[in-house]
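1. quick one, what's the 3D model for this:
(one chain, ligands or ions: 1)
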Amino acid sequence: MPKAAEPSETPHSPSSAHEALALRGALALELINTETLDRGKQRDTLSSPEALARWWEDVCAHYPDQCGIAGAETPIIWTSDLLETIKTLRLALRTLVTHVVEQQVIENDELQPINAILALGYAALERTEQGAVKAAIHLRDPEQGRVLAPIALSALGFFTEADWRRLHQCRHDRCIVFFYDTTKSGTRRWCSPGCMNRARSIQHYQMTRKAAVLVST
Ligand SMILES: [Zn+2]
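-> Next up, the predicted model:
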C-alpha cells in the first residue's frame, strides 16, 4: 500500500521550513552526491548494481517517508539497466543543480531525462481506512519505478519549491558535494564539519606562512 503523507517521527522530522525543503530534496541530492572526490580522485558509490542496492537501502533507512511509494510489494530487480538509468538521472540532476548554483540558463532539454522518469508514475486518489481520500503515486513499471520515481519526485518538489539561493556546492576546493543550507542565517559554506575544518586549517597554514614570510623579509 502507498504511504500517506502523514507526519512522521523519523530522525529527520523537519523543524523549520528550510529543513522541510531539504528533506523534500534529500533523495535527489543524495543521488547527486554519490559522486565524490577523494584526494582529488573521482569516486562513485554506485559502482555496481549491488552497490546501488546497498546505497538505496541506506538512503531509505534515513528517509523512509521519501522512499515509500506505490508498488512496495513488488521486488526491485537490481540490474545493470537500472544502474544505467539511475546514472542518467543522476547526470541530469547534477547538470540542473550545477546550473542553478552557477545561475546559468536552464534549457528544456536538460529537464527531459527527469521528466522521462516522472512519467513512470502518476498521481491518483485513494480511499483511506477512515473513509477520506488521499493522494497517492502509482507506478507504470514498479520494478524500476520504486527506486527511480521517488528520486524524480524529490527533484520535482525540491527544484520548484526550494530557495535556490540556499543551494550550494561545498566551498572546499577538493569537495564536489551539493547541499541545501537550512541554517537560520543562510551562511553555511561547507557540506560538513570535516570540510570546514580542513578548509580552515589550510587557510590558517597559508596565513601563518604569509606572516612568516613577512617577518623574514
Ligand atoms: Zn565538502
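2. Ala72 - how many residues pack around it?
-> 14 (other C-beta atoms under 10 Å). For the C-beta atoms, the positions are set from N, CA and C on the backbone; glycine is no exception.
3. what does the one 3 residues further on give?
-> Counted with other C-beta under 10 Å, the burial measure for Pro75 works out to 10 neighbours.
4. distance of the spatially closest residue to it that is not a sequence neighbour from Arg189?
-> Spatially, and ignoring its direct neighbours in sequence, Pro75 is nearest to Glu143 (7.5 Å; C-beta to C-beta, 6 or more residues apart in numbering). According to C-beta to C-beta, to the nearest Å, Glu143 and Arg189 sit 41 Å apart.
5. returning to that earlier point: for the residue nearest to Pro75, give me its contacts.
-> 74-77 (C-beta atoms under 8 Å, 6 or more residues apart in numbering).
6. hmm, try it at 7 Å
-> Applying C-beta atoms under 7 Å, 6 or more residues apart in numbering to Glu143 gives the contacts 74, 76-77.
7. try Glu19
-> Counted by C-beta under 7 Å, 6+ apart, Glu19 has contacts Thr182.
8. still on that earlier bit, tell me the least confident of the contacts of Glu143?
-> Ranked by pLDDT, these bottom out at Thr74 (81).
9. near the ion at all, the top helix by length along the chain?
-> The residue-count maximum for a helix in the chain (DSSP state H) belongs to helix 193-216. Yes: for helix 193-216, a contact with the ion is found by C-beta under 5 Å from the ion, at Cys195.
10. and for stretch 38-57?
-> No: applying C-beta under 5 Å from the ion, one finds stretch 38-57 out of contact with the ion, separated by at least 11.6 Å.
11. tell me the buried residues in the helix or strand hosting the residue nearest to Pro75?
-> Here Glu143 is covered by helix 142-161, with elements defined by DSSP states H and E. Going by neighbour count (16 or more other C-beta atoms under 10 Å), the buried part of helix 142-161 is 142-159.
12. what does stretch 61-69 give?
-> 63, 65-69.
13. before we move on, what about stretch 103-116?
-> 110-111, 113-114.
14. please tell me how far it is from the chain's geometric centre.
-> Once both centres are worked out by C-alpha atoms, centre = their mean, to the nearest Å, stretch 103-116 turns out to sit 17 Å from its chain's centre.
15. give me the contacts around it.
-> Contacts for stretch 103-116 (C-beta under 7 Å, 6+ apart): 88-89, 92-93, 95-96, 99, 152, 155.
16. how about 6 Å then?
-> 88, 92, 95-96, 99, 152, 155 (C-beta atoms under 6 Å, 6 or more residues apart in numbering).
17. now stretch 40-59
-> 30, 34-36, 78-80, 83, 147.
18. swap the cut-off to 10 Å and go again
-> Stretch 40-59 has contacts (C-beta atoms under 10 Å, 6 or more residues apart in numbering) with 26-27, 30-31, 33-37, 66-67, 76-84, 86-87, 90, 146-147, 150-151, 173-174, 176.
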